[in-house]
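J.: pasting the sequence and the predicted model now:
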Amino acid sequence: MSTKKHELIIYKKKHYAEVIRASLTKKETTFLSPEKSSFQFGILAHKKGFKEPAHYHRPFKRTIDDLQQMFVVQKGKIRVDLFSDSKKLIRKIILKKGDAIVLIHGIHAITVLEDMQCISVKQGPFLGADFDKVNVKVKT
């Protein structure tokens, strides 16, 4: 198991996932995703007393042709298996309370190792499991 606090998982020059461990700390707000990524994620960190002015995010038309997903483990333990486009197992990653993963590309499978609860975030709209999810036979 990797002990890196922030790990990029790249296979054959494709960015498959990023793992963000609960132990990762930053002194200031740091975005981890590439600027042009359709899914932005990072660590928000401020000193006591910081106040961000009231604001909103300017709407503009975005074209997104990928679907990325993020899990933040609130309790329990899971294993995320990542597979290449050719259905080959790339990595098995154990996530515990406070850990997060951003699934950027490729095929993934989840195994619950301890009763868990995760926050899941992905681009919408969700068009239903029959349309959005494609089950795949993989090589283990």
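T.: All right, it came through fine. Numbering: from 1, shown residues only.

J.: okay, how far is it across stretch 94-107, tip to tip?
T.: Stretch 94-107 has its terminal residues 16 Å apart, counting by CA to CA, to the nearest Å.

J.: any chance you could list what contacts that stretch?
T.: Stretch 94-107 is touched from outside by 1, 11, 14-23, 33, 37, 39, 41, 66, 68-80, 82-85, 87, 90, 93, 113, 136, 138, with contacts defined as CB atoms under 8 Å, 6 or more residues apart in numbering. From N, CA and C alone the C-beta is placed, and that goes for glycine too.

J.: now list the buried members of these.
T.: Members of these that pass the buried threshold by neighbour count (16 or more other CB atoms under 10 Å) are listed as 11, 15-21, 33, 39, 41, 68, 70-73, 77-78, 80, 82-84, 90, 93.

J.: show me what contacts the spatially closest residue to Lys12 that is not a sequence neighbour?
T.: Using CB to CB, 6 or more residues apart in numbering and skipping residues adjacent in sequence, the residue nearest Lys12 is Ser84, 7.0 Å away. When contacts are counted by CB under 8 Å, 6+ apart, Ser84 touches Tyr11, Lys12, Tyr16, Ile90, Gly106, Ile107.
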